[in-house]
Each structure stands twice: as C-alpha cells, then as structure tokens.
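> sequence isn't available, so here's the structure alone:
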Ligand SMILES: Nc1ncnc2c1ncn2[C@@H]1O[C@H](COP(=O)(O)OP(=O)(O)OP(=O)(O)O)[C@@H](O)[C@H]1O
C-alpha cells in the first residue's frame with residue numbers, strides 16, 4: 001500500500017508535485033530508498049579512502065602481509081611482505097581472503113561438529129600502519145583518557161582548563177624570576193619541569209590504534225567466543241560490523257590482544273566510553289561482551305568441577321522502560337540456548353544482594369531455593385510482571401508486603417536490564433537515595449546506555465547509587481551514547497579514579513568516538529522550517545501529512561513517522577487535533593497514536609507494538625521516545641516543538657536512518673518564540689551536513705542551514721541553554737500562552753467544552769437516577785432539595801473530570 005497516495009487522496013493534485021502512480025519506476029525507486037522499504041542496509045556510515053601516513057609522508061607504499069599465511073595463522077613477522085599499490089583496495093570487505101582461508105580451515109578442522117566453546121586463538125595483530133588505515137577510514141578515534149596510574153583526565157582537564165589563566169600568571173612570575181636571577185639557573189630548571197609536564201599530559205591522553213574487527217567471523221575464530229553466541233549473532237543476518245562494533249568488540253572481548261599489551265589483561269580489562277552515531281548498533285556491542293563474560297565465567301566454574309548457576313554479573317541501565325525492554329529483547333535473541341538469562345527489572349523481583357535486612361544469608365537461600373524451585377521461578381517472575389502491571393503507582397510498600405517479598409525466591413538473572421529508579425527501589429527498599437542499604441557483590445560489569453542522560457542531574461544521584469552498590473573491585477564501567485558532553489567524561493573519570501584509589505585497582509579508561517562527536521547521523525535529510533506561529537505549525541504538519549498540496553522541495557516525509565512535542569499536554573492536544581486527519585478508508589484515527597510517560601505500562605507497550613507492526617502510522621510523543629528506541633522502518637521525525645538541547649536534536653533525528661538506512665527525513669518547526677534557542681539545533685544540522693557532505697564527496701551537496709541563517713540566528717547564552725534543557729520553551733509549558741495546540745477559535749472551544757460537559761452531566765444524572773431507583777425500589781423521585789444536592793455533587797464531579 002502506498003501510504004502517501006492514500007493520504008494525498010482528496011486533495012487537489014498539484015501537477016508539479018503530483019506523486020507518481022503506484023508501481024511506476026519513480027515510485028518504486030523512491031520507496032526503495034526509504035527506511036520503511038525493509039531492505040537490509042549496509043550499516044557502515046564511513047569508509048573514506050585513507051592513505052598510510054607513512055607511505056604519504058615517507059613516499060613509501062603501504063606494506064601488506066603475504067597472502068600465504070602459514071597454516072597456524074602465525075605472524076610471519078613481516079618477512080614475506082610485498083609492496084603493492086593499495087589505493088583501490090577495500091580493506092573492509094568482510095572477510096579478507098586471508099581470513100577466509102583461516103575461517104575455512106577452522107570449519108574443516110571442526111569437521112562440521114559444533115563445539116560449545118571455540119578454542120581461543122592468538123589474535124593476529126595487523127601491523128600498526130594497517131590498523132591506522134582501517135580506523136581512520138571508518139573514522140574511529142581511540143583516546144586513552146586515564147592510564148593505569150598517574151593523574152586522571154579530570155585532573156588533566158583541570159590542568160588544561162586552568163592552564164590559560166595559570167599559564168599567564170606563571171609566565172609573568174617566571175619572567176620576573178628570570179630578571180632577578182641573572183645566572184639563569186632557575187630558568188633551566190623551570191623549562192625542564194615544563195617539558196616534563198607537557199610530556200606527561202600528552203602521554204596520558206594518547207591516541208590508541210587497537211586491532212579492529214573487520215568481520216563477525218573473527219569473533220568466533222580469533223576471539224574464541226562461545227559457539228552458540230556466535231551462531232546467534234550469525235542468525236541475526238548482520239553481514240558486516242558497524243563502526244562501533246569494529247572498534248569496541250575486540251577491546252571489550254580481549255583488551256590485551258586488541259592493544260597488543262599483556263598488562264591490560266592482567267588489570268581485568270578496560271573501562272570504556274563509546275560515542276557513536278544513533279542506530280549504529282551499540283546495543284549488541286555491549287551485549288555480546290556481557291553475554292560472553294557470563295559464559296566465560298561459567299566455563300571457569302565448570303573447570304573447577306562446581307555446579308553452574310545463574311549469577312547476576314552485568315547490569316544494563318537505560319533511562320526509559322521502552323528502551324530497557326528493547327535491550328532485553330535484543331539480549332534474549334543473542335542468548336538463545338546459551339542458558340544466560342537476560343531479565344528486565346520489575347517491582348518485586350528479588351536479586352542476589354548483600355546488606356540491608358537480607359545480609360549475606362541471601363546467597364545461602366539462593367542455593368537451596370534455586371535447586372528446589374527450578375523452572376517454577378520463571379513462572380513466578382511472570383506472575384510478578386502481571387502483578388506489577390496491575391499496580392498503578394510507585395508508592396512505598398507496606399511492611400507486611402515487604403516481608404512477603406523477602407520470602408520470594410531469588411530471581412535467576414545473569415544480566416539485568418533496568419531503569420535507574422526501579423533498581424534503586426530494590427536496593428533501598430523505599431527508593432530513597434539516602435537509604436540505599438543493599439549491595440550487589442556479584443556484578444562485574446555496569447553498562448550505562450544513554451550514559452550522558454543517566455549521568456545528567458536528572459538521573460545522576462540514582463545512577464551513582466547503583467554504581468556504588470556494585471562493590472566488586474573488578475567492576476568495569478562502560479558508557480554508551482551518541483552524545484557525550486565533556487563534563488560527563490570528566491565526571492566518569494573522576495569517579496573511576498576515586499574507585500581506583502578505594503579498591504587499589506585501576507584500569508585504563510578508553511574513549512572511542514565514531515565520526516564527528518555530537519552530530520546527527522549522516523544519512524538523514526534535515527529540514528528546518530520557520531512557521532512563525534503555533535497555528536503555522538499545525539498547517540505545516542498537515543501539509544506533511546497530505547504532501548500533494550505541499551509546495552515544499554526535497555524528499556517528502558512518508559509515514560510511518562514520529563512527531564515530538566515538548567510536553568505531555570501538547571502531545572495529547574496534538575493527537576486530539578489530528579486524529580481525524582487520516583481518511584477512514586486508510587484506517588482513520590487508528591492510524592494516529594499518542595505515547596507519553598503518564599500512560600500505563602500496558603498501554604505504552606501496546607502502542608509501541610502497533611507502531612512497530614505498521615498499524616499506527618503517526619506516533620505523537622514526547623522525549624520519552626527520543627533516545628535509544630529502535631524502529632527500523634521509521635521514515636522520519638517531526639520536531640513539532642524544537643528540542644531543548646543540541647543532544648536532544650541528535651537523538652530525536654536518530655530515530656530514523658537506523659543501521660545505515662537511507663531516505664530518512666528530520667523536520668524541525670520553529671516559531672518566533674524559538675528564535676532565541678534555535679541556533680544550537682541549526683549548528684548540529686550544519687555540522688551533520690558537513691560530515692555527510694564529505695561522505696558523499698562526488699554526490700550532490702545540499703545544505704539546509706545556509707550560512708546567512710547561521711549568522712543571523714542569535715547565539716544562545718550558557719544560562720539560557722541550561723534553562724531550556726530543564727524547562728523547555730517557557731511559553732509552551734502548561735498555562736503558557738502558546739501551550740495549547742488547536743485550530744479552533746476560543747469561542748468554538750468554549751462551545752465544544754460546554755457541550756461536552758452538558759453531555760457528561762446528563763449521563764451522570766441518568767446514572768445516579770438509576771442507582772437511586774434501584775436503592776429505593778423504584779419509589780419516589782426525590783425532593784427538589786435532594787435533587788439540588790445531587791446536582792451540586794455532579795457539578796463538582798464534572799469539573800474533576
Ligand atoms: N552489523 C549490523 N548490521 C546491520 N544492522 C545492525 C548491525 N548491528 C546492529 N544492527 C541493527 O541496527 C539497529 C540499531 O541498533 P541499536 O538500536 O543498537 O543502535 P544504537 O547505536 O543503540 O542507537 P541509539 O543511539 O539510537 O540508541 C538495530 O535494528 C540493530 O538490529
């Protein structure tokens with residue numbers, strides 16, 4: 001069904017913009033390009049031609065290993081290297097002939113027999129020049145933020161930040177000193193000190209060139225991951241790893257091998273920050289090492305001849321329920337038949353914890369209960385889920401209820417996925433941060449998805465409390481997002497250094513940035529539309545819904561798409577306004593839905609399912625769906641209200657163009673109220689288009705934000721940025737002049753409201769009269785006074801509605 005054609009029906013066709021007939025070559029070509037076409041895309045965003053720095057600077061051609069690698073796959077130490085021109089070589093075609101040989105050889109060795117755990121092979125390190133070329137071509141930049149010892153980056157940043165002022169003062173002082181000491185002894189000493197300091201700083205913030213993953217097959221053959229896990233990855237149908245997967249997987253699975261540094265393995269891995277575009281597959285990038293970590297630990301237990309049990313080893317924290325459930329789904333797909341349990345945190349779920357009232361006795365309970373309960377626990381969990389759905393508020397539980405809870409069996413969990421608050425409720429009994437009693441001693445990996453928002457003041461205390469509850473000295477932290485402000489990086493490094501001091505056990509903190517930091521995904525078309533007023537926005541959105549009447553240029557926005565508003569009230573109002581805009585023959589109001597945080601979990605889940613299945617075409621929502629949620633076939637997003645930060649724009653726009661899909665459109669409306677704030681968004685669009693322009697160097701370069709517009713828009717003051725992030729555009733908040741969304745005049749609205757209230761009052765009167773009749777056995781209609789009282793109550797009730 002061509003949705004666009006149905007939506008355009010009934011509008012006067014504009015010959016210029018008329019859509020091509022269904023099935024015509026143009027339609028097919030246009031729809032083929034859209035994310036909703038369902039084609040499996042090539043997920044890599046960057047693949048620049050890069051030449052070896054050594055070959056260009058030293059006039060040498062890049063050296064490449066001899067294709068005839070020996071049978072054991074051992075390095076030949078570069079002895080048989082041959083020189084060749086690599087200008088047209090695709091380094092990333094998966095897998096390279098050399099690897100193919102190795103893979104084939106392994107398949108033969110296996111004799112087609114499935115092994116539970118692949119034999120760990122020595123990872124074949126590419127030479128540095130080759131690694132650099134691959135990483136540069138895919139725009140992967142690794143930085144060592146804090147080394148095994150010495151100052152943390154937070155300290156270094158202070159040095160750098162303060163450097164400007166301090167440097168001046170120091171220079172003044174040293175000049176004075178120089179004047180005073182004619183011998184110059186001091187000068188020499190100071191210069192030496194300066195040189196030492198600079199060396200120290202630059203060495204701590206060194207760029208790294210770890211081994212990249214060029215094909216998923218390497219996970220099995222080079223990194224020896226579990227056979228079933230490897231099969232589950234293959235089953236997903238992914239052909240090539242995305243950039244973040246190329247960069248992060250080797251480092252998280254075998255940091256020592258990836259970095260060619262055995263010390264790293266001894267230190268128990270790395271702490272890791274990944275900043276990679278939206279839709280670039282970060283979820284499986286953190287789930288694969290988490291699942292592999294569980295399986296590896298089980299392998300060790302088996303070796304010791306002990307019984308293998310589920311043990312909470314990894315926690316994934318995500319800011320919204322929708323995202324958390326999505327991560328659980330992804331995790332379960334990867335964990336099929338591995339025995340690893342990926343579980344969504346629910347109220348009433350009892351985890352392995354220490355401290356509080358449960359103390360260490362929990363573990364003893366767990367052993368015996370687990371044996372007895374076996375599969376029953378799974379059913380219990382399902383019941384808990386149902387119970388939780390019935391409850392409609394997050395209020396404190398009573399003492400009796402809590403005691404009941406403690407009698408419950410421990411949940412069998414290996415990887416827990418949670419929102420911050422619900423886990424904190426478990427850890428502290430009452431959700432209060434000051435009362436965080438329990439700890440989670442078995443956890444070895446804390447994964448923060450959308451880390452910048454989890455460490456933002458909104459969630460910071462909750463996230464920190466969770467981190468604090470992970471008391472094992474080897475807990476590794478990994479942070480993931482498409483955006484990461486430098487203050488968040490500084491916060492992470494500061495707390496890691498505190499923990500390192502506390503546990504006397506520090507690991508290196510490595511940051512990976514894919515592409516240009518804090519920009520929107522390069523394969524999305526951006527449109528910034530000035531609508532002047534709120535009324536203008538409604539008109540513009542209707543034009544997008546019925547594009548045949550649009551005179552707009554550029555690719556049309558075809559459903560399914562998401563519309564973002566600033567507040568829940570505005571989302572509801574917009575939904576009400578638009579619900580009859582889709583013709584009945586196309587499904588009518590069922591095609592438009594609204595989703596926000598004040599709806600129950602059940603309703604939210606239903607709406608998500610309908611949008612995913614294509615039943616709903618237009619989903620109106622707030623920022624609750626701005627981050628992480630993956631709707632592969634979404635053709636576009638509309639920022640009905642301007643996002644409240646640059647990062648907000650990056651994430652909202654990133655709901656389309658997932659996994660390299662082309663044809664996604666991000667439309668942003670702005671009115672005169674937004675002009676003071678829109679520059680941040682315009683800057684992101686300009687930077688993203690610049691990045692995309694470089695990407696398609698020989699294609700058409702179209703820019704949404706012209707230079708004159710960027711120059712004309714006022715710069716947003718720091719304080720205004722902060723306010724906007726917290727409160728949004730003030731005029732659009734509840735009660736604000738511009739808060740309502742409607743095309744009706746105030747007279748029409750009043751009339752409609754009165755009419756609605758009269759109908760409701762009449763219904764209530766009938767209901768009460770019926771009840772009265774039943775109670776009095778049909779006798780007596782009630783006196784005037786009684787009726788009056790009832791009417792008063794009804795009136796009050798009506799207002800309350
Ligand atoms: N190598 C791959 N090839 C093709 N598709 C992939 C690959 N890896 C992941 N995907 C798919 O890409 C989509 C986006 O992945 P994911 O949700 O993990 O992105 P993300 O980077 O977490 O995005 P966001 O920043 O918005 O949270 C998913 O549908 C996932 O199945």
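Arrived safely. Everything numeric in this text was worked out from a predicted model, so none of it was measured. Numbering: from 1, shown residues only.
> what does the strand or helix carrying residue 720 contact?
Residue 720 is part of helix 718-727, with elements assigned from DSSP states H and E. Helix 718-727 is contacted by residues 644, 645, 648, 676, 677, 680, 716, 733 when judged by C-beta atoms under 8 Å, 6 or more residues apart in numbering. The way it works is simple: take the backbone N, C-alpha and C, and place the C-beta from them, glycine included.
> show me the contacts for the fifth one.
Neighbour list for residue 677: 642, 716, 720, 721, 724, 729 [criterion: C-beta under 8 Å, 6+ apart].
> what sits against the residue of the stretch 401-550 of the chain found nearest the ligand?
Of all residues in the stretch 401-550 of the chain, residue 482 sits closest to the ligand, at 4.3 Å by C-beta to the nearest ligand atom. Neighbouring residues of residue 482 by C-beta under 8 Å, 6+ apart: 275, 276, 277, 278, 280, 518, 521, 650, 651, 654.
> could you say which helix or strand contains the fourth one?
To tie it back to what came earlier, the one meant is residue 278. Counting by DSSP H and E, there is no helix or strand that carries residue 278.
> do you know how far it is from the ligand?
Distance, residue 278 to the ligand, by C-beta to the nearest ligand atom, to the nearest Å: 4 Å.
> how many neighbours does the residue nearest to that residue when sequence neighbours are not counted have?
With sequence-adjacent residues excluded and distances taken as C-beta to C-beta, 6 or more residues apart in numbering, residue 278 is closest to residue 654, at 2.4 Å. Neighbour count for residue 654, taken as other C-beta atoms under 10 Å: 26.
> surely residue 416 is within a helix?
No - the assignment for residue 416 (DSSP: H, G, I helix; E, B strand; the rest coil) gives strand, which keeps it out of a helix.
> wouldn't it be in contact with residue 317 here?
No - at 9.1 Å, residue 416 does not count as touching residue 317 under the criterion of C-beta atoms under 8 Å.
> quickly list what's touching both of the two.
residue 423.
> alongside the ligand, which residues does the stretch 301-450 of the chain contribute?
Within the stretch 301-450 of the chain, not a single residue sits near the ligand (C-beta under 6 Å from any ligand atom).
> so where's the stretch 301-450 of the chain shaky on pLDDT?
For the stretch 301-450 of the chain, the stretches with pLDDT under 70 are 356-407, 429-436.
> so which residues on the protein come close to the ligand?
Counting by C-beta under 6 Å from any ligand atom, the chain sits next to the ligand at 43, 238, 241-242, 245, 278-284, 482, 628, 630, 632, 654, 658-659.
> which ones among these are found in helices?
Judged by DSSP state H, helices contain the following of those: 245, 282, 283, 284.
> low-confidence stretches in the stretch 651-800 of the chain?
For the stretch 651-800 of the chain, counting by pLDDT under 70, the residues that fall below are 694-702, 734-739, 742-750, 753, 777-800.
> start to end distance for stretch 262-270?
End-to-end distance of stretch 262-270 (C-alpha to C-alpha, to the nearest Å): 12 Å.
> so for the residue of the stretch 401-550 of the chain closest to the ligand, what's the nearest residue that isn't a sequence neighbour?
residue 278 (4.5 Å).
> right, and that neighbour touches residue 652 too?
No - under the contact definition of C-beta under 8 Å, residue 278 does not touch residue 652, with a separation of 9.2 Å.
> tell me where the stretch 701-801 of the chain has strands.
Read by DSSP state E, counting those that start in this stretch, the stretch 701-801 of the chain holds no strands at all.
> helices or strands up against the helix or strand hosting residue 130?
Assigned by DSSP H and E, residue 130 falls within helix 128-137. Under the contact definition 3 or more C-beta pairs under 8 Å, 6 or more residues apart in numbering; DSSP states H and E, helix 128-137 sits against helix 53-58.
> avg pLDDT for the helix it packs on?
Averaging pLDDT along helix 53-58 yields 42.
> ok, stretch 280-288 next?
Mean pLDDT, computed over stretch 280-288, is 98.
> residues in contact with that stretch?
43, 45, 219, 225, 229, 233, 236, 238, 241-245, 248-249, 252-253, 274, 276, 316, 326-327, 330-331, 334, 342, 415, 447, 449, 478, 480, 482, 514, 521, 630, 659.
> out of the residues you listed, which are buried?
Those of the contacts of stretch 280-288 that meet the buried threshold are 43, 45, 219, 225, 229, 233, 238, 241-245, 248-249, 252-253, 274, 276, 316, 326-327, 330-331, 334, 342, 415, 447, 449, 478, 480, 482, 514, 521, 630, 659, by 16 or more other C-beta atoms under 10 Å.
> mind checking which of those residues are in strands?
274, 316, 342, 415, 447, 449, 478, 480, 514 (DSSP state E).
> now the two most distant members of those residues.
Farthest apart among these by C-beta to C-beta are 342 and 514. That separation is 25.3 Å.
> quick one, helices of the stretch 651-800 of the chain?
Shown for the stretch 651-800 of the chain, the helices assigned by DSSP state H, counting those that start in this stretch span residues 678-695, 707-712, 718-727, 746-775, 784-800.
> what about residue 48, which SS state?
Three-state call for residue 48 (three-state DSSP): coil.
> ignore the last one, residue 512
strand.
> which residues does it bridge with?
Assessed by DSSP bridges, residue 512 has beta-bridge partners residue 142, residue 274.
> I figured it hits residue 271, correct?
No - if you go by C-beta under 8 Å, residue 512 and residue 271 don't touch, sitting 12.0 Å apart.
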